[in-house]
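Student: 3D, please:
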Amino acid sequence: MPKTARNQKSCDSQLIEDIPQVEWGHDRLGEYAQKQHEAIRQHEGSLTVRYWRLGMSLNLLRGAFSRGEWGKFLREHGIDKTYASKARAIHRTFKTEKSLKGVSVQEAYRQREIRPRAATVPKRHARGKPDGMTEWFVQVCEMADSFLDEANKASPDEAETLVSAADKALQKLSALRSCLERRADTA
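Tutor: Take a look at the predicted model:
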């Protein structure tokens, strides 16, 4: 490129994106928001592929680690466990990265197969049957697992109400746990 053309190009007016202002009004702010949303959607496809690739590498690795070791591995490599979980789910859901064309990270994650968590095996009494309290604890854990997705979708108002209810339930469970600890100490 000749020197004059290069200099002329750098001296031409450059497109600098405006920063939204309250004075713009609804129409201009709406158009601006729409442009930003579209830009995010256009660039998110490459991010979805990166999630898929991260998931592929982590899925190949995961079987070599126990639960505690897996968390340590992720921490040592600076990988956020939430990203890791989402990436692994996206990789399990989509067979190839080409199948992700035009799919956002949110859409890809939403399409994942939700696998049921393994239930905790209740301890057995000497007679070989689980007791009522043990079964109840297993059910509480299963129900809590089943509500996690619902909690992630709660509105801020719903979440605030549910946090209060969860605090009350945790207080009751904590009192029950303390009672059981005292009984275990006397054994």
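Student: Quick check: buried residues in the lengthiest helix in the chain?
Tutor: In the chain, ranked by residue count with DSSP state H as the criterion, the top helix is helix 25-62. Within helix 25-62, the residues that qualify as buried are Y32, E44, G45, T48, V49, Y51, W52, L54, G55, M56, L58, counting by 16 or more other C-beta atoms under 10 Å. Yep, even glycine has a C-beta here, placed from its N, CA and C like the rest.
Student: again, but for stretch 94-102
Tutor: The neighbour-count check on stretch 94-102 (16+ other C-beta under 10 Å) flags F94, E97, L100 as buried.
Student: and the least confident of the residues you listed?
Tutor: Minimum pLDDT across these is recorded for E97, with 86.
Student: distance of the spatially most central residue of the chain from L58?
Tutor: The centre of the chain sits closest to T82, judged by C-alpha atoms, centre = their mean, with a distance of 4.8 Å. Counting by C-beta to C-beta, to the nearest Å, the separation of T82 from L58 is 12 Å.
Student: same question, A166
Tutor: 30 Å.
Student: What of S99?
Tutor: 19 Å.
Student: Any regions of the protein where pLDDT drops low?
Tutor: In the prediction, the chain carries residues with pLDDT under 70 at positions 1-17, 115-131, 146, 149, 187.
Student: At which residues are the helices of it located?
Tutor: Under DSSP H, the chain gives helices at 3-11, 25-62, 67-76, 81-93, 105-110, 132-152, 156-186.
Student: Show me what the last one is packed against.
Tutor: Using 3 or more C-beta pairs under 8 Å, 6 or more residues apart in numbering; DSSP states H and E as the contact criterion, the elements in contact with helix 156-186 are helix 132-152.
Student: Of all the residues in the helix it packs on, which ones are buried?
Tutor: T134, F137, V138.
Student: domains of the chain?
Tutor: 18-110, 132-186 (automatic domain parsing).
Student: How about the contacts made by V140?
Tutor: Residues near V140 by C-beta atoms under 8 Å, 6 or more residues apart in numbering: L173.
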